[in-house]
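Participant: A structural model of the following input is requested.
(one chain, ligands or ions: 1)
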Amino acid sequence: MGWPNSSTLASLDIFRTIAKHGLPHFENNYASRGAPIFSASVNRDISDRGGLDWGDLAYVRELWTGNLTLKGILNDDDAVRAYQVGVDALIVSNHGARQLDGVVSPLTVLPSIVNAVGDIPVMIDSGFRRGTDVLKALALGASFVFIGRPFGYAAAVAGEEGVKHAATLLRNEIARDMALLGITDLKQLNSSFIYNQLGIEQYR
Ligand SMILES: Cc1cc2nc3c(=O)[nH]c(=O)nc-3n(C[C@H](O)[C@H](O)[C@H](O)COP(=O)(O)O)c2cc1C
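Facilitator: Now for the predicted structure:
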């Protein structure tokens with residue numbers, strides 16, 4: 001198979017887009033056109049999101065009619081604000097504690113966020129490693145639990161087989177833990193499965 005000829009290339013959407021708008025470029029910081037996206041020798045500035053605010057979320061909501069999920073929520077006020085803007089779901093997350101030092105653990109704030117915006121799915125990630133971690137989050141009201149780095153590590157060690165193996169370990173742990181808790185369906189989980197040592201109101 002040879003290199004596609006020019007008429008094949010022109011029929012590809014990506015080339016039509018590049019022809020019309022130029023090479024893709026980051027525009028989430030400044031409106032001015034930055035460095036080309038394909039460059040080995042450029043200092044990028046994609047870490048400062050200080051220019052983004054709730055108005056941007058409202059704008060995205062206006063433009064995007066599909067499902068909109070907002071990730072990175074860690075307190076009730078932000079959850080309620082996002083809900084009022086019209087997001088369809090939230091992910092309570094500190095991005096794996098890889099961003100701000102000293103940030104709160106998502107599991108700690110989950111019950112209160114679920115309490116604040118209970119009628120949209122509230123999902124969670126950051127630091128979930130074992131079957132019991134997943135079950136704790138579900139018991140505290142999470143609709144879904146995401147796991148990041150463990151699958152990255154599994155892929156690094158053994159590729160697709162590694163990821164399948166990691167998923168199997170987790171699935172087996174969850175099944176065993178459910179048996180140990182005496183439940184047959186995840187829907188049976190609720191906050192009464194968590195011993196509320198601190199007496200936190202929203203756990204009840
Ligand atoms: C290498 C790496 C890059 C990431 N990049 C982003 C990102 O660009 N945006 C984002 O919202 N989260 C990002 N995350 C965070 C993940 O989406 C996710 O929230 C986190 O890995 C979940 O925590 P866990 O890895 O402890 O399971 C990144 C995580 C890793 C490990």
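Participant: only C-alpha atoms for contact and neighbour calcs from this point on.
Facilitator: OK.
Participant: mind showing which ranges of this structure have poor pLDDT?
Facilitator: Along the chain, the parts satisfying pLDDT under 70 run over 1-11, 23-49, 198-204.
Participant: residues from it in reach of the ligand?
Facilitator: Residues of the chain found near the ligand (C-alpha under 6 Å from any ligand atom) are 93, 95-96, 125-128, 147-149.
Participant: Could you turn the buried ones of these into a ChimeraX selection?
Facilitator: In ChimeraX syntax, the buried subset of these is picked out as below (16 or more other C-alpha atoms under 10 Å):
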select :93,95,96,125,126,127,128,147
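Participant: Reformat the residues of the chain next to the ligand as a markdown table; add distance to residue 62 and secondary structure.
Facilitator: Converted to a markdown table, those look like this (distance: C-alpha to C-alpha, whole Å; DSSP: H, G, I helix; E, B strand; the rest coil):
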| residue | distance to residue 62 | secondary structure |
| --- | --- | --- |
| 93 | 24 | coil |
| 95 | 26 | helix |
| 96 | 29 | helix |
| 125 | 27 | coil |
| 126 | 29 | coil |
| 127 | 33 | coil |
| 128 | 33 | coil |
| 147 | 30 | coil |
| 148 | 30 | coil |
| 149 | 33 | helix |
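Participant: ok, which pair from the residues of the chain next to the ligand is furthest apart?
Facilitator: Greatest spatial distance among those (C-alpha to C-alpha): 93 and 149, at 13.7 Å.
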